[in-house]
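Asks: Compute the structure for the input listed below.
(one chain, ligands or ions: 1)
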Amino acid sequence: MKDYASLWLAYKTKKNNRDCRYLRSIHITGTDASDERVKNAEKELKTGLKAMLDTEPEFIYGQTSDPIQITDGKSILDSEEYKISLEGDALCIEAHSGAGILYAAFDVLRTIACERDVEAEYASGKCVRPSNPLRMLNHWDNMDGDIERGYSGKSFFFVDNEIVIDERTVDYARLIASVGINGVVINNVNVKDAASYMITDRYFDKLARLGEIFAGYGIGLYLSLNYASTIEIGGLDSADPLDEQVIAWWKTKMKEVFTKIPTLKGFLVKADSEGRPGPFTYGRTQADGANMLADIVKDYGAIIIWRCFVYNCMQDWRDTKTDRARAGYDNFMPMDGDYHDNVILQIKNGPMDFQIREPVSPLLGGLKKTNRMLEVQIAQEYTGQQIDVCFLIPMFKEVLQFRTYVAENKDRVSDIISGETFGSRFSGIAAVTNTGNDHNWTGNYLAGANLFGFGRLSFDTELSCEQIAEEFAKMTISEDSDVVRTVTDILLPSRAIYEKYSAPLGIGWMVRPATHYGCSVDGYEYDRWGTYHRADHLGIGVDRTDKGTGYALQYNEPNASLYNSPEECPDELVLFFHHLPYTHRLHSGKTVIQHIYDSHFEGYEEAKQLAAKWDTLKGRIDDEIFENVKERFERQLVNAREWCDQVNSYFFRKSGIPDEKGRQIW
Ligand code: GCV
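Replies: Residues are numbered from 1 along each chain as shown. Model (predicted):
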C-alpha cells in the first residue's frame, strides 16, 4: 500500500459508461507502439478502465503513412496534439507523437472519472492541441531536502544531498502528465552548496535515470543552474560571459552534461537577484549572460530559461522615484531583440512578487522580439501557505485574459505565451510548484486544486474556473453531486475572500517578514524605513504615476492612461498605483478607509462561512481528507481574524476615522 494519496488518479468505481461498447477496443494510430509514452498510455488506460469500469479493452495499433492533420497544422514542440473519435465499436486515438497518445489516454480517463458520457464526448471527434508549447513546474527544492517556500513537507527529489528515485517519482510523473505538464525543473533557482555540483559526475547517473522516467511521460527534465559555476565548481576566478576562458569552460561542461544526461532539455537561471551571481558583476547585460549559455546548449537542442526577477532588494524606498516594480521592465526591455532564439525570458505575473493582487507585469506585453513565458506561483507563499484555502485559478485566468495592446489583435497574455502573437516557438507558462512529500502532496487537500488547475489551464487556457474546480472535486474528493457543489462553492470564491481579509486594494505585502505568513502591516522585509505602503495620517498608497515613480507609463496605451489616473484606475489596484487620502471615494462608492474596514470584516465572516460549508461534509467524504482540511480551516480562521483586527486597528489609529457602521475596531 502506497503511503501517499493518488489524488485525481484514484480511479474509483464508476456508474456511467459501464456498458459502453466503444471501450472494448481501443485503436491507436500515428505513432510507434514501442514509444515509452505510448506504452505508458496503454498501461494507464488498462489500470484505469479496469478499476473504474471493470473493462479490459483490446489495444490495436495502426500506422499511417501520412502525418495526421489534426488541427490547423501549426507545428508545436513534438506535436502534442491528438484526436479521439468513435468508429464501429472502437475508440480511436490518433496523434503525431507518443505525447499526444498519452494526453488522449488521460482525456479518456478523465471523461470516465468525471462520469461524462463517452459517446457524447467523442462521437463527433474531439481534436485537441495544447494552448502552450511549454507547460512547466518549477521546484524550489534544495538538495538537503528542504523546500524554499514549501508548505507540504520535504522534497521527494532530494534527501541529504542525494537524488531519490522510487515509486513516488513515477507517480509524480503520472500525476502531472495527466494534467498536461511537459517540463519540470527539479531544483531551486537559488542554486547553492551541493546543488552547484548537480552538473558534475556525482549526480549524472541518477539524473539520466530521472530524465528517462520523465521522458516516458512526455516531461522534459530541466535544471536550475548556478550562473557562477565557473567559479564555484570550475576553479576559475570569473563568470564574465564574454571571457574566453569562461566560455571554453562552459563548452566542455555542457558537452559532458548532455552526453551523460541525453534527455536534458535545458536550464533555468536566476541571476543578479537576491544575492545570486550574474553578468551585472562584470558590467555585462542580462542578454550577454543568457546568450552565452544559450549558444553553447543550442548544439544539444536545449534552451535557456532566464528569469526576469532581477531587482535590487536593498534599494532605499524613501526616495519617491525608486520603485522595485519598475525593475523587470527597466532591466530587460532595452535589449528586446538581442536575446538569441533559444533563450526564453521567464516573467512573474506581476511586477513585484506573487502578491494576492498585482497588475500584470508590463514586460509581458512590452517585449516584441523576445521569447517569453509567464511564471506564476502555486506554492501559496503570500496567499495562505496551503493553510488558508486560496484557489488561484481565477487569478491566473485574469492574467491570461489581460489585454496588453502590444499588437493590433491577439494581444492577450494568453496569445503571447501561446506563441500566437509573435509566432514564437519557445513560449509557455511555468508555476512554482506547491508539492512536497506530505501524504497528500500539497499539505492541504484543497491546495491540490491549484496543482490540478494549473496543469489543466496551461494545457487549455480556455477552460473555465468552474470546470476545473468541478473536475478536481469529482476526481479527488467525491463524485456525489452535493459534495462537488460544496467543494466548488468553497474553492471558487476563496481567492476573493483571502484578498478581502489581507492587504487591501492592490497595495500588497503587509505580511510577516521572512515567513510571509500572517499579518504585519509594516512588515516588508526589504524596507528599513517603514515607507513601503507610504501610509500616514492622511492617506495610503504608492504613487506610481507620471508624477511618482513613473511605473504606470511602462504599459502600452490605453493601459498606461488607465492606471495613471486615480479616477479611472480599477479599485482593486488603486493603491498599487496611487497615493490617496483615506477619504477618496472609490468606484464602489465607498471611501478608501471604509473599504478597508468593510472588506476585512466581510473577509473574516466569509472565511467562517467556507469553514462551515466544509463541516457539512463530515461523514460524506473520506475522513482523512475531511480532517486534513478541517484542521487547516481552523488555522485559517485564526489568521483571517488576525488580519482583520490588525489591518483595521492600524488604519483606524493612523487615520482617526471611525467605521461609519459603528463596529468595534480592536
Ligand atoms: C527562490 C521571493 C521568495 C524567494 C524566492 C524568490 C524568487 O523573493 O521569497 O524565496 O527565491 O522570490 O522568485 O527567486
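
Asks: Against T285, how distant is L392?
Replies: Distance from L392 to T285, counting by CB to CB, to the nearest Å: 33 Å. For glycine as for every other residue, the C-beta is placed from the backbone atoms N, C-alpha and C.

Asks: I misspoke; the intended subject was I393.
Replies: Per CB to CB, I393 is found 36 Å from T285.

Asks: The two - which one has more neighbours?
Replies: I393 (27 against 17; other CB atoms under 10 Å).

Asks: Can you give me every residue that contacts the closest residue to H533 other than its chain neighbours?
Replies: Closest residue to H533 apart from its sequence neighbours, by CB to CB, 6 or more residues apart in numbering: I507 at 5.2 Å. Neighbouring residues of I507 by CB atoms under 8 Å, 6 or more residues apart in numbering: 533, 540-542, 575-576.

Asks: what about I507, which helix or strand?
Replies: Using DSSP states H and E, I507 sits in no helix or strand.

Asks: Next one: it from the ligand, what distance?
Replies: 18 Å (CB to the nearest ligand atom, to the nearest Å).

Asks: Check V184 too.
Replies: Distance from V184 to the ligand, by CB to the nearest ligand atom: 16 Å.

Asks: partner strands of the helix or strand harbouring that residue, parallel or antiparallel?
Replies: Taking DSSP H and E as the criterion, V184 maps to strand 183-185. The strands beside strand 183-185 in its sheet (DSSP bridges) come out as strand 134-138 (parallel), strand 220-225 (parallel).

Asks: does the ligand sit close to the last one?
Replies: It stands for strand 220-225. No. Strand 220-225 is not in contact with the ligand by CB under 6 Å from any ligand atom; minimum separation 9.3 Å.

Asks: ok, back up a step: farthest-separated two in the contacts of I507?
Replies: Spatial extent of these (CB to CB) is set by the pair I540 and F576 at 11.2 Å.

Asks: So which of these two has more stuff around it?
Replies: Of the pair I540 and F576, F576 is the one with more neighbours under other CB under 10 Å, namely 27 against 24.

Asks: near the ligand, which residues of this structure show up?
Replies: Close to the ligand, as judged by CB under 6 Å from any ligand atom, the chain has residues 140, 148-149, 189-190, 270, 274, 309, 353.

Asks: hmm, try it at 8 Å
Replies: Contact residues (CB under 8 Å from any ligand atom) of the chain with the ligand: 140, 148-149, 188-190, 270, 273-274, 276, 307, 309, 313, 348, 353-354, 375, 377, 381, 432, 516.

Asks: circling back to that earlier point, what about the strand holding V184, distance to the chain center?
Replies: 12 Å (CA atoms, centre = their mean, to the nearest Å).

Asks: which outside residues touch that strand?
Replies: 134-139, 176, 214, 219-224, 265, 268, 305, 430.

Asks: cool, stretch 626-635 as well?
Replies: 386-389, 440, 443-446, 610-611, 614-615, 617-619.

Asks: Give me the pLDDT value at I68.
Replies: Listed pLDDT for I68 reads 56.

Asks: what does D78 give?
Replies: Value listed for D78 in the pLDDT field: 58.

Asks: what does T71 give?
Replies: 51.

Asks: same question, L610
Replies: 98.

Asks: Is it in a helix, a strand, or coil?
Replies: helix (DSSP: H, G, I helix; E, B strand; the rest coil).

Asks: can you give me the helices in the stretch 551-666 of the chain?
Replies: Under the criterion DSSP state H, counting those that start in this stretch, the stretch 551-666 of the chain contains helices at 559-564, 574-577, 592-615, 623-655.

Asks: Check which residues of the last one are buried.
Replies: This points to helix 623-655. The neighbour-count check on helix 623-655 (16 or more other CB atoms under 10 Å) flags 625-626, 628-629, 632-633, 636-637, 639-641, 643-644, 646-648, 650-652, 654-655 as buried.

Asks: Off-centre distance for that helix?
Replies: With CA atoms, centre = their mean as the basis, helix 623-655 stands 25 Å off its chain's centre.

Asks: quick one: it to helix 592-615, angle?
Replies: Interaxial angle of helix 623-655 relative to helix 592-615 (axes from the mean of the first three to the mean of the last three CA atoms, to 10 degrees): 170 degrees.

Asks: Quick one: mean pLDDT over helix 623-655.
Replies: Here the average pLDDT along helix 623-655 is 98.

Asks: And the strands in the stretch 151-300 of the chain, which stretches?
Replies: Here the stretch 151-300 of the chain has its strands, by DSSP state E, counting those that start in this stretch, at 158-159, 162-163, 183-185, 220-225, 264-269.

Asks: what about R425, neighbour count?
Replies: Neighbour count for R425, taken as other CB under 10 Å: 15.

Asks: Nearest spatial neighbour of the residue in the stretch 351-500 of the chain that the ligand sits nearest to, chain-adjacent residues omitted?
Replies: Nearest residue of the stretch 351-500 of the chain to the ligand: D353, at 5.1 Å (CB to the nearest ligand atom). Ranked by CB to CB, 6+ apart and with sequence neighbours excluded, the top spatial neighbour of D353 is Y382, at 7.2 Å.

Asks: Work out for me the element that neighbour sits within.
Replies: With DSSP H and E as criterion, Y382 is part of no helix or strand.

Asks: Please read off the pLDDT at it from the model.
Replies: We have a pLDDT of 98 for Y382.

Asks: ok, now P658?
Replies: On the pLDDT scale, P658 gets 96.

Asks: so what's it up against?
Replies: P658 neighbours (CB under 8 Å, 6+ apart): 652, 665.

Asks: Does E80 touch I181 like I think?
Replies: No. Between E80 and I181 there is no contact under CB atoms under 8 Å: 11.4 Å.

Asks: Who has more neighbours out of those two?
Replies: Under the criterion of other CB under 10 Å, the comparison of E80 against I181 puts I181 first, with 27 against 24.

Asks: and that one, what are its phi and psi?
Replies: Backbone geometry at I181, expressed as degrees, to the nearest 10, gives phi -70, psi 130.

Asks: how would you label the residue most central in space within the chain: helix, strand or coil?
Replies: Central residue of the chain (CA atoms, centre = their mean): A431, 2.2 Å from the mean position. Taken by three-state DSSP, the conformation at A431 corresponds to strand.

Asks: beta partners for it?
Replies: Counting by DSSP bridges, A431 is bridged to L137, V376.

Asks: In this structure it contacts W140, no?
Replies: No. Contact criterion CB under 8 Å: A431 and W140 do not qualify, at 11.1 Å.

Asks: circling back: can I get the buried ones among the contacts of stretch 626-635 as something I can paste into ChimeraX?
Replies: Entered in ChimeraX, the line below selects the buried ones among the contacts of stretch 626-635, by 16+ other CB under 10 Å:
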select :386,387,388,389,440,443,444,445,446,610,611,614,617
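
Asks: And the contacts of stretch 626-635, which is closest to S588?
Replies: L610 (22.8 Å).

Asks: need the contact list for that closest one.
Replies: By CB under 8 Å, 6+ apart, the neighbours of L610 are 389, 490, 493-494, 497, 633.

Asks: Quick check: next helix or strand after the host helix or strand of T47?
Replies: Element membership of T47, judged by DSSP H and E, is helix 36-53. Once the chain leaves helix 36-53, the next helix or strand it forms, by DSSP H and E, is strand 58-62.

Asks: Could you check how sure the model is about that next one, as an average pLDDT?
Replies: Rounded mean pLDDT across strand 58-62 is 95.

Asks: Likewise for stretch 104-113?
Replies: Computed over stretch 104-113, the average pLDDT equals 98.
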